[in-house]
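**Student:** Sequence plus the predicted model coming up.
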Amino acid sequence: MKHLTLIRHAKSSHDDPSLRDFHRTLNERGLEDAPRMGRHLAEEFKWSPDLIVCSTAVRTLRTAKLLLEGMGEPERYVHQEGRIYESSVSELIEVVQETNDSVGHLAIIGHNPGMENLANWLVGERAIQGLVTCAVAMLELEISDWRSLKSGCGRLLQYLEPRKIP
């Protein structure tokens with residue numbers, strides 16, 4: 001049994017039209033949602049993945065940092081993976097399948113539509129419709145090694161949206 005948490009980056013800013021999409025940072029709501037979600041994950045779920053892998057885009061790295069600050073773990077290591085930015089489901093599957101089997105709980109911080117599509121592919125049905133910014137999908141996977149990942153091997157344990165947490 002493996003566990004996978006998929007997190008979409010927090011709400012980003014569109015205030016500076018000169019910035020490429022990759023370089024956009026978080027807006028005020030994103031700066032509030034990410035640490036609040038981190039606190040909620042730590043307090044309600046004792047959330048502590050073995051490995052956190054994050055897109056290299058500015059907004060995802062900032063989301064990861066703020067989530068960890070909210071959890072009280074600001075110095076925790078986050079592995080950066082460029083393939084997560086603008087990724088398809090097949091690219092995300094590759095990232096997951098390359099995970100060392102000593103990792104029992106993997107977390108990925110990335111972008112839509114890839115993250116939502118991956119969650120639905122793993123569950124084998126449309127379990128999530130519209131993965132909002134800073135949303136968290138916690139999945140339990142009926143596999144013993146990451147290379148065995150296949151459609152329908154997952155069960156959605158929790159789906160959390162920032163507006164629905166205290």
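**Tutor:** On my side now, so go ahead.
**Student:** Would you agree H3 falls within a helix?
**Tutor:** No - under DSSP: H, G, I helix; E, B strand; the rest coil, H3 falls outside any helix and is assigned strand.
**Student:** Run a quick neighbour tally on it.
**Tutor:** Residues lying near H3 (other CB atoms under 10 Å) number 18. Placement of C-beta: from N, CA and C, glycine included.
**Student:** again with I109
**Tutor:** Counted with other CB under 10 Å, I109 comes out at 29.
**Student:** same question, K150
**Tutor:** 13.
**Student:** Regarding the closest residue to it other than its chain neighbours, what is its secondary structure?
**Tutor:** Leaving aside its chain neighbours, K150 sits nearest to I143 (7.8 Å; criterion: CB to CB, 6 or more residues apart in numbering). Under the three-state scheme (three-state DSSP), I143 adopts coil.
**Student:** Would you enumerate the residues in contact with I143?
**Tutor:** M1, K2, L149, K150, C153 (CB atoms under 8 Å, 6 or more residues apart in numbering).
**Student:** before we move on, what about L67?
**Tutor:** I7, A34, P35, M37, G38, L41, I109.
**Student:** can you check L106 too?
**Tutor:** Residues near L106 by CB under 8 Å, 6+ apart: K2, H3, L4, T5, P49, D50, L51, V53, V96, T99, W146.
**Student:** Which of the helices or strands spans the spatially closest residue to the fourth one that is not a sequence neighbour?
**Tutor:** The shortest distance from T5 to any residue that is not its chain neighbour, by CB to CB, 6+ apart, is 4.2 Å, and that residue is A107. With secondary structure defined by DSSP states H and E, A107 is part of strand 105-110.
**Student:** sec struct for the residue of the chain positioned farthest from its centre, please.
**Tutor:** Of all residues in the chain, S18 has its C-alpha farthest from the mean position, at 26.9 Å, by CA atoms, centre = their mean. Three-state call for S18 (three-state DSSP): coil.
**Student:** Over to the one 4 residues further on?
**Tutor:** Under three-state DSSP, the three-state class of F22 is helix.
**Student:** need the contact list for it.
**Tutor:** Applying CB under 8 Å, 6+ apart, the residues near F22 are T56, A57, V58, Y85.
**Student:** What helix or strand is the closest residue to G72 other than its chain neighbours located in?
**Tutor:** Closest residue to G72 apart from its sequence neighbours, by CB to CB, 6+ apart: A42 at 6.5 Å. In this assignment (DSSP H and E), A42 forms part of helix 28-45.
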